[in-house]
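A.B. asks: Quick one: sequence and predicted model below, then my questions.
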Amino acid sequence: MRIFIHDDFLLRNETGQRLYHEIAKELPLIDFHNHINVSQLARGYSFENLAQLGVIPDQYKHRAMRVGGIPEAGITGKASDKEKFLNWATIYPKTLGSPLFHWNALELKRIFDIDELLNPGNAEKIWSQVNEQLAGNAFSAVGLLKKWNIEWLSTSDDLLDDLEVHLQATTRSGIKITPSLRGDSILAFESDHFDRWLEKLTVATDASIKNLNDYLKALRSKLTVFQEAGCQFADHALDAGFTFRMVSEEKASSLFQKRLAGGRLMPSELTELKSWMLVHLAGEYNERQWALQLHVGAQRHTSSRLRRLAGGAGGYAAIGQAADIHSLVQLLDNLEQQNSLPKIVLYTLNPTDNEAFASLTGSFAEDGVAGKIQFGPAWWYNDHYEGIRNHLQTLSNYGFLCHFIGMTTDSRSLLSFSRHEYFRRILCDLLGEWVESGLLPPDDELLAETVRAVCYGNIKNWITTKNKIHINETI
């Protein structure tokens with residue numbers, strides 16, 4: 001029987017096969033948004049077993065295991081590593097039709113040269129076979145990273161995180177590993193944890209925060225630390241229900257003072273303070289020539305029980321309501337009017353927003369700048385086969401596919417970089433399909449240029465070119 005992950009996996013036409021094998025396959029990876037544990041890379045960490053590497057850090061797999069009826073103790077709880085892996089092996093065959101079925105097969109094939117599809121019958125054998133390989137230096141955290149042909153990683157980091165590990169990881173691996181700012185803590189005024197986070201900020205910056213100006217000054221000093229560590233991205237989650245309402249600095253100062261004094265802000269006041277702060281921060285990012293990623297539409301608060309058991313990022317979130325496009329446009333327009341609109345990457349978790357987000361790539365164009373507003377890659381619940389195809393088709397319909405900055409993993413697992421291959425195969429197959437159905441000309445030079453740009457060249461230029469962006473200039 002033919003193995004599942006063969007050379008032409010997902011490549012159903014000759015043009016797509018040629019584009020993938022001759023162009024896309026060998027291009028380095030730049031992953032500009034992920035949650036990889038940088039300290040493991042800095043320490044040269046070696047994994048004891050396959051569960052530690054590919055199950056315990058992967059919330060996609062956690063969610064599938066819950067759906068399949070595995071008790072939480074056997075997913076994120078007190079079960080042994082081996083028990084958690086065997087639970088995953090029980091569920092994996094049931095993921096037939098989901099991206100997890102593809103990804104897990106790619107992970108085992110590309111890293112461990114295992115062609116068998118995981119199931120309860122072969123789980124013990126695969127467990128032993130992989131664990132034996134993990135004992136070698138070539139399969140340390142750094143060794144695994146090198147197997148994916150990664151050129152640059154940009155990880156997601158809180159304002160108060162230690163960034164020395166990025167330099168240590170870069171030195172150890174020889175791969176460029178830089179932080180990006182996850183700015184949600186800065187705006188979490190409604191959280192019970194904000195006061196403790198603020199205390200840590202005062203200690204880290206040796207500041208006395210008694211008003212909004214003090215807060216902004218402390219933030220600015222930490223942003224400079226990120227800048228010095230090579231940061232080129234900031235990221236904010238605009239979850240389901242995001243609204244924008246701009247107020248004066250005086251009003252924002254008053255609201256911040258109320259929160260500082262222990263007052264509970266009303267929903268409308270939270271909207272006003274967060275709106276003002278988001279505009280201010282975006283201006284800071286623009287001044288530093290960072291790009292701003294906006295992740296829109298997640299319904300993160302679902303099961304209170306699972307939040308208590310698995311933590312705030314436990315894989316149980318859902319797709320939220322369609323975005324308030326008016327609020328999103330107000331935010332971008334406000335920034336543009338202040339001449340402080342940074343490069344933007346828009347992600348949506350709700351696929352009904354795809355057309356609207358793709359159309360926004362042409363709504364805030366800047367003279368001499370190509371691709372300033374990006375419709376970010378198919379994200380989270382959308383990074384499956386049909387979701388990626390739909391994203392590429394929609395972007396082509398309403399924007400420029402040739403300006404697209406490509407795939408990212410948004411993952412905590414070092415095995416998840418298989419998703420770049422998954423994306424590249426789908427892209428090449430789709431272009432080949434268009435050629436062979438007569439929708440595109442069989443122009444090898446044009447097709448090759450597009451594949452190089454989308455898979456590698458565009459993001460490389462986008463994050464390294466400071467003022468004016470020249471897509472494809474080094475391709």
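C.D. replies: Now that the structure is in, tell me what you want to look at.
A.B. asks: and the closest residue to Ser140 other than its chain neighbours, what does it touch?
C.D. replies: Leaving aside its sequence neighbours, Ser140 sits nearest to Ser46 (C-beta to C-beta, 6 or more residues apart in numbering; 4.6 Å). Where C-beta positions appear, they are placed from N, C-alpha and C, glycine not excepted. By C-beta atoms under 8 Å, 6 or more residues apart in numbering, the contact set of Ser46 is 134-135, 137, 139-141.
A.B. asks: now Ala79
C.D. replies: The contact partners of Ala79, by C-beta under 8 Å, 6+ apart, come to 73, 87.
A.B. asks: Please apply the same query to the one 4 residues further on.
C.D. replies: Taking C-beta under 8 Å, 6+ apart as the criterion, Glu83 is in contact with Gly74.
A.B. asks: how much space between it and Val55?
C.D. replies: 10 Å (C-beta to C-beta, to the nearest Å).
A.B. asks: Strands of the protein, start to end?
C.D. replies: Taking DSSP state E, the strands of the chain run over residues 29-34, 150-157, 176-182, 233-238, 291-296, 298-299, 318-319, 344-348, 373-375.
A.B. asks: Can you tell me which of the contacts of Ser46 comes closest to Gly406?
C.D. replies: Ala141 (23.9 Å; C-beta to C-beta).
A.B. asks: Tabulate the strands of the chain in CSV, adding columns for mean pLDDT and mean neighbour count.
C.D. replies: Converted to CSV, the strands of the chain look like this (pLDDT from 0 to 100; neighbours: other C-beta atoms under 10 Å):
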stretch, mean pLDDT, mean neighbour count
strand 29-34, 97, 24
strand 150-157, 97, 22
strand 176-182, 97, 23
strand 233-238, 97, 23
strand 291-296, 97, 24
strand 298-299, 90, 18
strand 318-319, 92, 15
strand 344-348, 97, 25
strand 373-375, 97, 25
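A.B. asks: Dump the ones you listed into CSV; add distance to Leu270 as well.
C.D. replies: Shown next, in CSV, are those (distance: least, C-beta to C-beta, whole Å):
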stretch, distance to Leu270
strand 29-34, 26
strand 150-157, 23
strand 176-182, 19
strand 233-238, 13
strand 291-296, 17
strand 298-299, 17
strand 318-319, 22
strand 344-348, 22
strand 373-375, 26
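A.B. asks: Show me the one of the ones you listed that comes nearest Met277.
C.D. replies: Nearest of the strands of the chain (C-beta to C-beta): strand 233-238, 9.9 Å.
A.B. asks: Which strands border the closest one, and is each parallel or antiparallel?
C.D. replies: Here strand 233-238 has these sheet partners by DSSP bridges: strand 176-182 (parallel), strand 291-296 (parallel).
A.B. asks: and the angle from it to strand 150-157?
C.D. replies: With axes from the mean of the first three to the mean of the last three C-alpha atoms, to 10 degrees applied, the angle from strand 233-238 to strand 150-157 works out at 50 degrees.
A.B. asks: who touches strand 233-238?
C.D. replies: So strand 233-238 is contacted by 32-33, 154, 156, 180-184, 187, 278, 281, 285, 290-298, 300, 323, 328, 463 (C-beta under 8 Å, 6+ apart).
A.B. asks: among the strands paired with strand 233-238, which is nearest Lys258?
C.D. replies: strand 176-182 (25.7 Å).
A.B. asks: can you give me the angle the closest one makes with strand 29-34?
C.D. replies: Orientation check (the same axes, to 10 degrees): strand 176-182 against strand 29-34 gives 30 degrees.
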